[in-house]
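Asks: Provided below for reference: sequence and predicted model.
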Amino acid sequence: MSVANTVSVLTLVRGRRAHLVNLIAGLNAATRKPDELVIAYMQAEPHLDLPETNFPIRAVFVEGDAMPLAAARNRAAHEATGDQLIFLDVDCIPSPTLVERYAETAEWPGGIRLGDVLYLPEGALDGGVDFDRLDRIGVRHPAKPPIALDEIRPTPTHGELWGLSFAIAAKDWARAGGMDERYVGYGAEETDFAARLERADVAMWWVGGARAYHQHHIVHTPPYQHFDAILRNARLFRQAWGRWCMDYWLGQFADRGLIAWDDAAITVLRHPTVDDIAGSRMPPETLFS
């Protein structure tokens, strides 16, 4: 397998300084270092006193109070200099082989490659980043397939795209058109990008050995705090592609009497209350939303 000439790691940040520090610690332990880390800050100031690295860290800034995730990814991709772009959620710590594995699969199989992600329980990093321990205690999301370290497997559909960790050639990112910046706030921008990739005939693969570890944070089920953004983005997606996305969340909203939802439209019956949002907060042992 050929190795990509240059690799940029890109991450989006609002808050989460401790998580970013651990992400950088993972890159510092990499068997192949990235050629740069691009941090797209969705906040006015960068985080200070980040760990030292032997690769450059560059910061870009993206305005918007309502989490401009698509715009931030586009800005990071535009500013990146690498032939290969590795998008890594700030909640994720890369395993030592993640950058190397994504780089060596740049030409074959190429396309967009998804690594596996293990979710960490609360307190997993209290003693620092110990990769052997993280492998033992991390939990795979039940909707995602196990994959051997040396395995490469086509995904069954482009709907498998998972924004926590993926790699793509800069030219393929451009060919697909990047992300649609009309999506603002939580939800749908990744599903829309998956549809763009499929339309541009960019193949999608699961790649073993590019593991990341998702750092613990509290989740809400359903995500009432994102109610308005989910509805807005779901409607936008349907206008663009003729079908709904985020069916899981829409179904939960409908089951709880917040919306009426059919093939044609979403009708808001009531908005979630403060008590609804508080009651949706899951206990610390819940790993998945």
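Replies: Thanks, I have the structure now.
Asks: Residue ranges in the stretch 101-250 of the chain under the pLDDT threshold?
Replies: Of all residues in the stretch 101-250 of the chain, none has pLDDT under 70.
Asks: Could you tell me how far the closest residue to Arg281 other than its chain neighbours is located from Ile57?
Replies: Spatial nearest neighbour of Arg281, excluding adjacent residues (C-beta to C-beta, 6 or more residues apart in numbering): His220 at 5.6 Å. C-beta here means a position set from N, CA and C on the backbone, and glycine is covered the same way. Taking C-beta to C-beta, to the nearest Å as the criterion, His220 is separated from Ile57 by 31 Å.
Asks: before we move on, what about Leu69?
Replies: Counting by C-beta to C-beta - Leu69 and Ile57 are separated by 20 Å.
Asks: all strands of this protein, in order?
Replies: 7-13, 36-41, 57-61, 84-88, 92-94, 112-114, 117-119, 139-140, 152-154, 165-169, 204-207, 212-214, 259-261, 266-268 (DSSP state E).
Asks: To Leu48, which of those lies closest?
Replies: Comparing the strands of the chain against Leu48 with C-beta to C-beta, the closest turns out to be strand 57-61 (11.1 Å).
Asks: Taking strand 7-13 as reference, get the angle to that closest one.
Replies: 40 degrees (axes from the mean of the first three to the mean of the last three C-alpha atoms, to 10 degrees).
Asks: Strand 57-61 - what's its average pLDDT?
Replies: Average pLDDT, strand 57-61: 97.
Asks: and that strand, C-alpha only, in CSV?
Replies: Only the C-alpha atoms of strand 57-61 are listed here, as CSV (Å, rounded to 0.1, in the frame of the first residue of the first chain):
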residue,chain,number,x,y,z
ILE,A,57,-0.7,23.4,14.9
ARG,A,58,-2.7,26.0,13.0
ALA,A,59,-5.8,27.7,14.2
VAL,A,60,-8.7,29.1,12.1
PHE,A,61,-11.8,30.8,13.5
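Asks: Assess the claim that Ser289 and His217 are in contact.
Replies: No - with contact defined as C-beta atoms under 8 Å, Ser289 does not reach His217; the gap is 9.8 Å.
Asks: Between Leu69 and Ile57, tell me which one has more neighbours.
Replies: Leu69 (25 against 17; other C-beta atoms under 10 Å).
Asks: Just confirm the residue nearest to Arg281 contacts Ser289, I think it does.
Replies: Yes - under the criterion of C-beta under 8 Å, His220 makes contact with Ser289 at 6.7 Å.
Asks: Could you give me the buried positions within stretch 22-29?
Replies: Neighbour-count burial for stretch 22-29, counted by 16 or more other C-beta atoms under 10 Å, picks out Asn22, Leu23, Ile24, Ala25, Gly26, Leu27, Asn28.
Asks: Actually, stretch 167-183.
Replies: 167-170, 172-173, 176, 178-183.
Asks: residues contacting His217?
Replies: By C-beta atoms under 8 Å, 6 or more residues apart in numbering, the contact set of His217 is His19, Asp91.
Asks: what do you get if the cut-off is 7 Å, keeping everything else the same?
Replies: Asp91 (C-beta atoms under 7 Å, 6 or more residues apart in numbering).
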